[in-house]
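Q: quick one, what's the 3D model for this:
(2 chains)
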Amino acid sequence: MFSAIKDLLKYDKRFTFGFSVMTLMIFLAILSFFSPYDPKVWNVVPRDMPPSLKHLLGTTSMGQDVFWLATYAIRNSLLLSVIAVIISRVIAILLGLITGYKGGFLDRFLMTINDSFVILPLLPILILIASVIKGALNINNLGILLGIFGWAWDARVLRSQILSLREREFTYTAKLSGMKTLSIIIKEYLPFIIPLIMATAMNNMLWVIGMEVTLAILGLSSLEIPTLGTMIHWSVNSQSLLLGIWWWILTPVFICILLFISLYMLSVSISEFLDPRTRLQRIEVMKG
Amino acid sequence: MLFFKSYLLPRIIQYIVVILIGTTVVFVVPRLMPTDPVQKTLELVALQGTYIDPEAVEKLRETLKELYGLKGTLFEQYIAFWKRLFKGDFGPSFAQFPTPVMDLIRISLPWTTVLLLLTTTLSWVIGNILGGLAGYFSNQRWARVLEGVAMVIRPVPYYIVALGLLIIFAFAFPIFPVGGGLSVGRELHLTLDLLLDIVRHAFLPALSLVLVGSSVWFMTMRLLVSNIVREDYVLYAQVGGISDREIVFRYTIRNALLPQITGLALSLGQIFSGALITEQVFAYPGLGTLLYNSVSRGDYNLLMGITLLSIIGIATGVLIIDLIYPLFDPRIRYR
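A: Model (predicted):
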């Protein structure tokens, strides 16, 4: 695992980029614990100040410090996406393993339901749900909600991987030597699919953070909790662009873009790392 | 007959299951709500302080229950829900009482449909052609530049791209209007001038949809083609002296298109969701803006109507793509 990360850092610029941006984001998120201001209290600093040494990224129209607010926003957005990703991973892995390994009618039945969730336009459905349970959508609940809806595509990806693993030589060897299905899956298959799970998790995290931004813009999540989405929501709602307070809106937008690109690059480089064809190329690069 | 059983039947079952699951989610979710909407409305009326006859309150409760579709047992409600759905009746809008929800949707639907059809086709075509070329000539400098650009745009959600374009082209350099579908005070007469006005207003929303959409198709197409390029038949064609142009368009892109058509069907729901949010940014008078207004006014019937309609619309779109798929893939046609 660690040698793989070392390899990727050395030979894949995209991974290096993604990895360093994510490290920076996690550092900023940790920094929020040392913030001098409470993010939920307004008017703690002068309003609408441009960036300066005292307020690194300026202040908002509500009298909050943009830099420290952003650290809270990053922390909450990351936390939310981790909750959602864990829930959807559990569902996706279970479904992928069951349908891929068992096959037959169960596979066809579950995949039909799975494909329905892939096709369904999730945004209107999520908006409907969010507006029904409005007010109760704190970080945990929103994470759970997005986790419940975000598994379909990845279950499909995992299933196809299991399908190909099932036909390999070692599966037969394991079966014939009397290994139980569960231990075949855990001992033999899991090492193969863990990197794939990582890659899909990055993609899913990207989707979750994007969805949170979208719902917050529409004013559907708890707006007093600072996340990247609610930060954009408040700055757009206070007409920060028209008033020329660009530091307020550009900070969350820029962080979002950085975060999305780095997650995507991590996901792409991990899944390419898995592809045997590119692995051969990499060995050639290493040799000479 | 075999074609029907092994290809068409599963597709039609899938179609029915999608709609069934979608509508059931829409039916169940509001009923899980901790607060009773009828009770809430009654409390609001009581809060106004005027004395109301208890009998009148009971009557009001009945009417409200009827309005929200909350009469009878859960099963009866579900049946009634489907009956209304088949009639295309989503009830009246709460915010613009008593205009039926269907009427409001009917006004905004054409705006969204045209924008969506145009941008989806355009981004699919652009993304696939550029992706195919970049995959084939992957060592060229321009291909790398294109890949870099697509890689940066691809993961950014529609909302952020739309917001970025709005900041650049409507605030920093005011070339395009900030939002809307038409200039204020314009009447709907079919003239060239009006058409130009519509295009000018639709340009930024369309651009943001095409930018994100085509980079999505670009990335997958590039990957597909760069795998096909290593196949023996491509090498054979090169050795045989067939021009690069012909190899790209007739052998590689054509072979990589089939998974892209399937991909189009599978991602239609996401594209649609993206279009909704883009419309809201530009206040484009389509379903997205209607959806946003219904959220901010708490117009529950309208929200439900849009959700149900989009589920049915997307499912139908996917079915249509699936049905024309055999035209492109001879392996299915001749099975």
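
Q: let me see the contact set for whichever residue of the stretch 101-250 of chain A sits closest to chain B.
A: For the stretch 101-250 of chain A, the residue closest to chain B is residue A:123, as judged by CB to the nearest CB, at 3.3 Å. Where C-beta positions appear, they are placed from N, C-alpha and C, glycine not excepted. By CB atoms under 8 Å, 6 or more residues apart in numbering or on different chains, residue A:123 lies in contact with A:211, A:214, B:272-274, B:276-277.

Q: what's the farthest-apart pair in those residues?
A: A:211 and B:272 (14.5 Å; CB to CB).

Q: nearest residue to the middle of chain A?
A: What sits nearest the mean C-alpha location of chain A, by CA atoms, centre = their mean, is residue A:205, with 0.9 Å.

Q: quick revisit: select only the buried ones of the contacts of residue A:123 in ChimeraX?
A: Those of the contacts of residue A:123 that count as buried under 16 or more other CB atoms under 10 Å in any protein chain shown are selected in ChimeraX with:
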select /A:211,214 /B:272,273,274,276,277
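
Q: turn the contacts of residue A:123 into CSV, including distance to residue B:23.
A: CSV is the format used below for the contacts of residue A:123 (distance: CB to CB, whole Å):
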residue, distance to residue B:23
A:211, 22
A:214, 23
B:272, 17
B:273, 18
B:274, 23
B:276, 19
B:277, 23
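
Q: so which of the contacts of residue A:123 are in helices?
A: A:211, A:214, B:272-274, B:276-277 (DSSP state H).

Q: which of the residues you listed lies closest to residue B:237?
A: Closest to residue B:237, out of all of these and judged by CB to CB, is residue B:274, at 37.8 Å.

Q: what number of residues lie near residue A:167?
A: If you count neighbours by other CB atoms under 10 Å in any protein chain shown, residue A:167 ends up with 8.

Q: can you list the residues of the stretch 201-335 of chain B near chain A?
A: For the stretch 201-335 of chain B, the residues in contact with chain A (CB under 8 Å from any CB of the partner chain) are B:227, B:230, B:265-266, B:268-270, B:272-274, B:276-277, B:280, B:291-292, B:295-296, B:298, B:300, B:303-304, B:306-307, B:310-311, B:314-315, B:318.

Q: what's the closest non-adjacent residue to the residue nearest to the centre of chain A?
A: residue A:81 (4.5 Å; CB to CB, 6 or more residues apart in numbering or on different chains).

Q: check which residues of the helix or strand containing that neighbour are buried.
A: Here residue A:81, judged by DSSP states H and E, is contained in helix A:66-102. The neighbour-count check on helix A:66-102 (16+ other CB under 10 Å) flags A:66-78, A:80-81, A:83-85, A:87-89, A:91-93, A:95-101 as buried.

Q: look at residue 288 and report its pLDDT.
A: Just so you know, I chose chain A. Looking at residue A:288, its pLDDT is 47.

Q: the chain in question should be chain B.
A: Residue B:288 is given a pLDDT of 90.

Q: surely it touches residue B:276?
A: Yes. Judged on CB atoms under 8 Å, residue B:288 makes contact with residue B:276 at a distance of 3.6 Å.

Q: so what sits against both of the two?
A: The contact sets of residue B:288 and residue B:276 overlap at residue B:112 (CB under 8 Å, 6+ apart).

Q: so residue A:154 sits right up against residue A:204, yeah?
A: Yes. Residue A:154 lies in contact with residue A:204 (CB under 8 Å); the separation is 6.3 Å.

Q: tell me, what's touching the two both at once?
A: Taking CB under 8 Å, 6+ apart as the criterion, residue A:154 and residue A:204 both touch A:88-89.

Q: I'd guess residue A:46 is in a helix, am I close?
A: No. Counting by DSSP: H, G, I helix; E, B strand; the rest coil, one finds residue A:46 to be coil, located in no helix.

Q: for it, give me phi and psi.
A: Dihedral pair for residue A:46: phi -60, psi 150, per degrees, to the nearest 10.

Q: who touches it in this structure?
A: A:59, A:63.

Q: and the pLDDT at it?
A: 79.

Q: against residue A:52, how distant is it?
A: Residue A:46 sits 10 Å away from residue A:52, taking CB to CB, to the nearest Å as the criterion.

Q: ditto for residue B:167
A: Taking CB to CB, one finds residue B:167 at 23 Å from residue A:52.

Q: where does the prediction get shaky in the chain?
A: Chain wasn't specified; assuming chain A. A:1, A:135, A:275-288 (pLDDT under 70).

Q: not quite, I wanted chain B
A: B:1, B:33-38, B:40-52, B:64, B:66-70, B:97, B:184-190, B:334-335.

Q: pull the contacting residues for the residue nearest in space to the middle of it.
A: Residue closest to the mean C-alpha point of chain B, counted by CA atoms, centre = their mean, is residue B:272 at 1.3 Å. Residue B:272 sits next to A:121, A:123, B:116, B:310, B:313-314 when contact means CB under 8 Å, 6+ apart.

Q: close enough to count as contact, residue B:221 and residue B:256?
A: Yes. Judged on CB under 8 Å, residue B:221 makes contact with residue B:256 at a distance of 6.2 Å.

Q: between those two, tell me which one has more neighbours.
A: Ranked by neighbour count (other CB under 10 Å), residue B:221 and residue B:256 place residue B:221 first, with 29 against 22.

Q: not counting sequence-adjacent ones, nearest residue to the more buried one?
A: residue B:131 (2.8 Å).

Q: residues near that neighbour, how many?
A: 30.

Q: again with the one 4 residues further on
A: The local packing of residue B:135 (other CB under 10 Å) involves 25 other residues.

Q: could you check how far residue A:52 is from chain B?
A: The gap separating residue A:52 from chain B is 23 Å, by CB to the nearest CB, to the nearest Å.

Q: burial count for that residue?
A: Look at residue A:52: counted by other CB under 10 Å, it has 10 neighbours.

Q: same question, residue A:105
A: 8.

Q: now swap in residue A:176 and tell me
A: Neighbour count for residue A:176, taken as other CB under 10 Å: 8.
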